[in-house]
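Enquirer: here is the input, now give the coordinates:
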Amino acid sequence: MDSHHNPLNWFIIFLLTIIWGSSYLLIKKGLVAFSPVELASLRISISFLVSLPFAIIALRKISREKYLSVLQIGFFGSGAPGFLFALSMTKSSSAVNGILNSLSPLWTLLIGYYLYKVQISSQKIVGVIIGFLGAVVLVFGKTGGDFQMEVLYTALPVAATFCYGLSTNITKQKLQNENSLYTTSLAMAFVGLPAFIILMFTDAPAKIYSGTIWLPFMYVMILSLFGTLIAWALYYKLIQRTDALFGASVTYLIPVVAVGWGLFDGEVLSMMQLAGMLLILGGVYFTTSPKAIGLSKSFK
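Expert: Numbering: from 1, shown residues only. So this is what the prediction gives:
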């Protein structure tokens, strides 16, 4: 069975879509009590502490020559994007961040092509373009075109998605045969200690100690365990089982779940949002399908 048609791979895609699509809601709940930088450092620190036992085992299981690659996926996959998105959210709307987050597959494709000489089929290029347009239409339909942005701060999520593209390709090219749980745990250990130091210089510990913000803190804990630690372990496993672009395509589906939470909260689905969802599904099809009629040309 082709890896792209394997039901387990699509089940992982489904889980990641649900987890990361729900993360926006958890972030929103967490920001009630924490600043963006506090939330980002707290999220990474909790993941670091929980994964520490596995990281200690990983030190023996993963060869030392792979440590640099693990450090890179920790920094580019979790560390830098966490703070870049947090800072961006102080000056730009969640709609802008939602759209720009969908640049991840494009960066994954370009970095794979130029840095690692990965073969690109024209169908995948079409899929990336259609998927991104679908994300734009979906988010635009949700906000009615109400975008708040400052150019400098809007560049931050673009940089974050570039980091995602790097991390995804490094995982596929350098860590293909490593255990995804050990890889994730060791990566979190490498970035978790700096994040923990940053956390100690914020007001977050005092807020937690006060005992008045337990509910937002609980939301951040759930975000850390599922949205960071478990989700990244699943994501790296998916990349190992398929290819980098297949894994990155989950980014297109995340806004669909975010809209679903909106419907659950009483929002109404517009025709524009429905069109965006259909475009996203079309983009995912072209990006992940190994064959597409009339689009078999490859670029090397």
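
Enquirer: now do the helices in the stretch 1-150 of the chain.
Expert: In the stretch 1-150 of the chain, the helices defined using DSSP state H, counting those that start in this stretch lie at 7-30, 36-61, 67-74, 80-88, 94-101, 104-116, 122-143.

Enquirer: I misspoke; the intended subject was the stretch 151-300 of the chain.
Expert: 151-174, 180-200, 204-210, 214-222, 231-241, 244-248, 250-264, 271-288.

Enquirer: which one of the ones you listed lies nearest to Lys91?
Expert: Closest of the helices of the stretch 151-300 of the chain to Lys91 is helix 151-174, at 3.8 Å (criterion: Cβ to Cβ). For the C-beta atoms, the positions are set from N, CA and C on the backbone; glycine is no exception.

Enquirer: same question for that closest one, mean pLDDT?
Expert: Average pLDDT, helix 151-174: 88.

Enquirer: repeat for stretch 204-219
Expert: 92.

Enquirer: likewise for stretch 251-259?
Expert: Computed over stretch 251-259, the average pLDDT equals 78.

Enquirer: next one: it to chain centre, how far?
Expert: Taking Cα atoms, centre = their mean, to the nearest Å, one finds the center of stretch 251-259 at 11 Å from the center of the full chain.

Enquirer: what residues does it touch?
Expert: Stretch 251-259 has contacts (Cβ atoms under 8 Å, 6 or more residues apart in numbering) with 13, 17-18, 20-22, 24-25, 98, 101-102, 104-105, 131-132, 134-135, 138-139, 142, 164, 267, 269, 273, 276-277, 280, 283-284, 287.

Enquirer: take the helices of the stretch 1-150 of the chain and lay them out in TSV including mean pLDDT.
Expert: Below are the helices of the stretch 1-150 of the chain laid out as TSV (pLDDT from 0 to 100):
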stretch	mean pLDDT
helix 7-30	87
helix 36-61	94
helix 67-74	96
helix 80-88	85
helix 94-101	69
helix 104-116	90
helix 122-143	80
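
Enquirer: turn those into TSV, columns for mean neighbour count and distance to Leu253.
Expert: Output for the helices of the stretch 1-150 of the chain, formatted as TSV (neighbours: other Cβ atoms under 10 Å; distance: least, Cβ to Cβ, whole Å):
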stretch	mean neighbour count	distance to Leu253
helix 7-30	18	4
helix 36-61	20	22
helix 67-74	20	22
helix 80-88	22	18
helix 94-101	21	12
helix 104-116	20	11
helix 122-143	21	9
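
Enquirer: fine by me, thanks again.
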